[in-house]
Every structure is written in structure tokens, then in C-alpha cells.
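1. I need the structure of the sequence given here:
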Amino acid sequence: MAAVFPVVGSGSFDTNPSYSGGFIPQLWSNKLNAKFYANTMMTEIANTDWEGEIKNQGDTIRIRTAPSITINDYAGAGTTLTSEVPTPIYLDMQINKGKYFSVQVNDVLAHQADMDLMNMFTDDAAKQLKINIENECFFNWFVTEGAHADNAGGTAGALSGEYNLGTDVAPIDQATPKNVLDTILRMSAALDEQNVPEDGRWLILSPFDRQLLMQTDIAQAYFTGDASSTIRTGKIGMLDRFEVYVSNLLPKGAAGKALVPGLAATSGGASVANDKNRRMMVAGTKASCAFASQISKTEPLRNQTDFGDIVRGLAVYGRKVIKPEALITTIVGAAS
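-> As a prediction, this is how the structure comes out:
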């Protein structure tokens, strides 16, 4: 609904109508209270090699993966050699997701305010857009598509089947610092059994699990500072070949309820504000998940129903687990 500016007296504007008082200088300080945003780490953990190839929502990116070449025995001279024709393996990633923002500022409100409202609003919208996309991708990668069957559950391990990584009905009881460290070591071993390279491994923890982990002597000894900003990426250091990150966007669930995205407030009607009940720890490499995004349009325009400007932006993207063997999902917390 368009804003209506009341007129008082002989043609003068009421400078304090109910809709705009929040940004009138006489009522508020010119220093806006800064917002805190969730850490985002999409480009840190996902393969983004296909960024920029997207043209429109609905496009499909065909991802080629290397086939396994057969190695044969050679018995010396006279051995009959056979040659195979490798069959290319393709995975299709659809660019079928989209999110948008649309921000408007009335001319009078912008004139009366002592800050650049449009830049402030669009900056916030861009950050929120990134957070919402990451929240959706995390749930799709880690829950909907998920890890390889040998990399999750109570009998994980492609070779041993000996690693308990938790299940929906029997999450790992992770109440002590040692429990957290033991879980991380099992996740690392499961990747080893899949022959996943050590380079580029990452691990994402909830803030609750991070604080437990930091109470262990080995974590404090392993973690080393670097130039990356924790505020920007959530990265806190390295542990057992993992780059360790902290996020509030990991899937979680109330006890006995289905897992939901990290930004969700409820799970099966029950509050998940306290994610200690059931939560995820996730590990992998950039080879595990693919992501491609493009802001296809960001445009300014005049508001046709009021005096003011509108800026709106559209993000189209796709996401897919392309190598589930390089992804580990663990469920920790309490079963009930």
C-alpha cells in the first residue's frame, strides 16, 4: 500500500506520520544499529566452477565426471592387449531455483532521512539473499540428497562399516568435548575409506559443538589463526586435515521430529530454537557439492503507485551433490 503523507496547517507536511517515524532524524540517531548476519561459506565448501555459465532460470549444466579406467595385467611379450572405450559420465544440474528482493523508498522519506536508505536496504537484501540461498542449499545437499550410504548412519565406513555417525532415531550422544572429537575422527576415517584426497577437506559445526570441541586440549593445540575472516566465512582453523567452519544454517530438528533447514523455527510443530536436541555435523571436500548462481537482473525503477524509487534483484541458481562419496553427514544430539 502506498504511503500517505498527512498535510497539516497551510500545506505543510506532517514530518512525523506513523509509517515513516523510524527514519526521521529528529527521532532517531544518525548511527543506525548494525545488524549481525549469519556466516556464509558457500564458495568455501562447494565447487563453483560453473559460475557465470548460467543465462536464465531453467538452464541445465551438464557436468562431466571422469570414468574409471580398467587396469589390466601385462604378462610380457605376446600378451594380447585390449583397449576399452571409456564411457563418459554426465550429471545434470538444473538452474531451477530463484529468489528475489524488491525494495522501495518514498521520495519524501528519503529526503527527510539523514542516511542513504536505498543503499542500506539493498545492501541488507543482498546479504539476506545469500543467507537464504545457503540455508536452502545446505538442507538439499545434506538431507534431501545426502551423502553416500557408506558415509552416514550407524555403520558407516566403505571398508569397515564400523563408524557410528548417528541416525534420525539414534543420534550420537554428544554431551562432552571428547564425544565431539571422537565423532570428528570417525568422519575423517570414513572419508579415508572412500579414498577422498586430504587436500581441501572441510568440516562444519554448530556453535554448540564448536564450544565443546574447543574445551579439548588437542583442538586448542591444532587450531591456528590465518588471514581469513571468521565473521565473513565462519572459518575458525584446521583440525585433523579439516578446515573447520561454524554455521547456524546446518539442518536441525526437535527431538523425535524431522530435520528442517537451519533458519526454520519449528520441526513437526515443535520449536527448534534449542538445536542441542538434534543437529548435524557435516564434512566433505569441494568435489562433493556443486553450486552455480547468477544475479540475472538488478534494476532500478520509479514506483508507479507512489513518489519514490524501487530496486529489485533476482538470483537464479542450481545446486547438486555431484560426488556423494566425498560427503559425510552426522546426526548428533538426543533421540527423545
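
2. for the stretch 151-300 of the chain, what spans make up the strands?
-> With strands called from DSSP state E, counting those that start in this stretch, the stretch 151-300 of the chain shows them at 202-205, 235-239, 242-246, 252-253, 266-267, 270-271, 278-284, 289-302.

3. out of the ones you listed, nearest to I310?
-> strand 289-302 (5.3 Å; Cβ to Cβ). C-beta here means a position set from N, CA and C on the backbone, and glycine is covered the same way.

4. where does the residue nearest the centre of the chain land in three-state SS?
-> Centroid check for the chain by Cα atoms, centre = their mean gives E134 as the closest residue, at 3.2 Å. With DSSP: H, G, I helix; E, B strand; the rest coil as the basis, E134 sits in helix.

5. what do you get for the one 5 residues further on?
-> When states are read from three-state DSSP, the local structure at F139 comes out as helix.

6. same question, N119
-> helix.

7. how many residues are close by it?
-> Using other Cβ atoms under 10 Å, N119 has 11 neighbouring residues.

8. next one: the one 5 residues further on
-> Taking other Cβ under 10 Å as the neighbour definition, D124 ends up with a count of 14.

9. now R312
-> 16.

10. the one 5 residues further on now?
-> Here the count is done by other Cβ under 10 Å, and Y317 has 23 residues near it.

11. got it, and the one 5 residues further on?
-> The criterion is other Cβ under 10 Å. On that basis, I322 has 18 neighbouring residues.

12. how about the nearest residue to it once chain neighbours are set aside, what does it touch?
-> Nearest residue to I322, sequence neighbours excluded (Cβ to Cβ, 6 or more residues apart in numbering): A290, at 4.8 Å. Listed by Cβ atoms under 8 Å, 6 or more residues apart in numbering, the contact partners of A290 are A46, N47, T48, D49, W50, I63, M93, G318, R319, K320, V321, I322.

13. gap between L185 and R279?
-> Distance, L185 to R279, using Cβ to Cβ, to the nearest Å: 19 Å.

14. so where is the stretch 101-250 of the chain shaky, pLDDT-wise?
-> When residues are selected by pLDDT under 70, those of the stretch 101-250 of the chain lie in 109, 111-115, 219-236.

15. can you give me the helices in it?
-> For the stretch 101-250 of the chain, the helices defined by DSSP state H, counting those that start in this stretch occupy 107-112, 117-139, 177-193, 207-213, 217-222, 230-233.

16. for L117, find the nearest of the strands of the stretch 151-300 of the chain.
-> For L117, the closest of these is strand 289-302, at 13.6 Å, according to Cβ to Cβ.

17. helix or strand right after the closest one?
-> Going down the chain from strand 289-302, the next helix or strand is strand 308-321, by DSSP states H and E.

18. what is the neighbour count of the closest residue in space to F138 that isn't next to it in sequence?
-> Spatial nearest neighbour of F138, chain neighbours left out: L249 (5.2 Å); criterion: Cβ to Cβ, 6+ apart. For L249, the count of nearby residues is 23 (other Cβ under 10 Å).

19. for A265, same thing?
-> Neighbourhood size, A265 [other Cβ under 10 Å]: 8.

20. measure it to A254 for me?
-> Remark: distance between A265 and A254 (Cβ to Cβ) = 11 Å.

21. cool, and K130?
-> 27 Å.

22. the more surrounded of the two?
-> Taking other Cβ under 10 Å, K130 and A254 do not tie; A254 has more neighbours (21 against 17).

23. surely that one and A264 touch.
-> No: shown here, A254 and A264 do not form a contact pair, counting by Cβ atoms under 8 Å, at 10.2 Å.

24. re earlier: which one in the contacts of A290 is the model shakiest on?
-> Across these, the bottom pLDDT score, 78, is held by W50.

25. A110 versus that residue, what's the distance?
-> Between W50 and A110 the distance is 39 Å, computed by Cβ to Cβ.

26. likewise A66?
-> Separation of A66 from A110 (Cβ to Cβ): 55 Å.

27. N303: neighbouring residues, count only.
-> 14.

28. for it, phi and psi?
-> Main-chain dihedrals, N303, degrees, to the nearest 10: phi -70, psi 120.

29. per-residue confidence for it?
-> According to the model, N303 scores 85 on pLDDT.

30. that one touches I310, doesn't it?
-> Yes: with contact defined as Cβ under 8 Å, N303 counts as touching I310 (5.2 Å).

31. quick check: neighbours shared by the two?
-> Q104.

32. only the buried residues of stretch 302-309, if you could.
-> Residues of stretch 302-309 classed as buried: D306, G308, D309 (neighbour count, 16 or more other Cβ atoms under 10 Å).

33. and which of those residues is nearest to P86?
-> D309 (56.0 Å).

34. what is the nearest of the buried residues of stretch 302-309 to T79?
-> For these, the residue nearest T79 by Cβ to Cβ is D309; the value is 76.2 Å.

35. OK, contacts around that closest one?
-> Applying Cβ under 8 Å, 6+ apart to D309 gives the contacts Q104, V105, D107, A110, M118, P300, L301, R302, N303.

36. what's opposite it in the beta bridge?
-> Taking DSSP bridges, one obtains V105, R302 as the residues bridged to D309.

37. contact partners for A126?
-> A126 touches F101, G313, counting by Cβ under 8 Å, 6+ apart.
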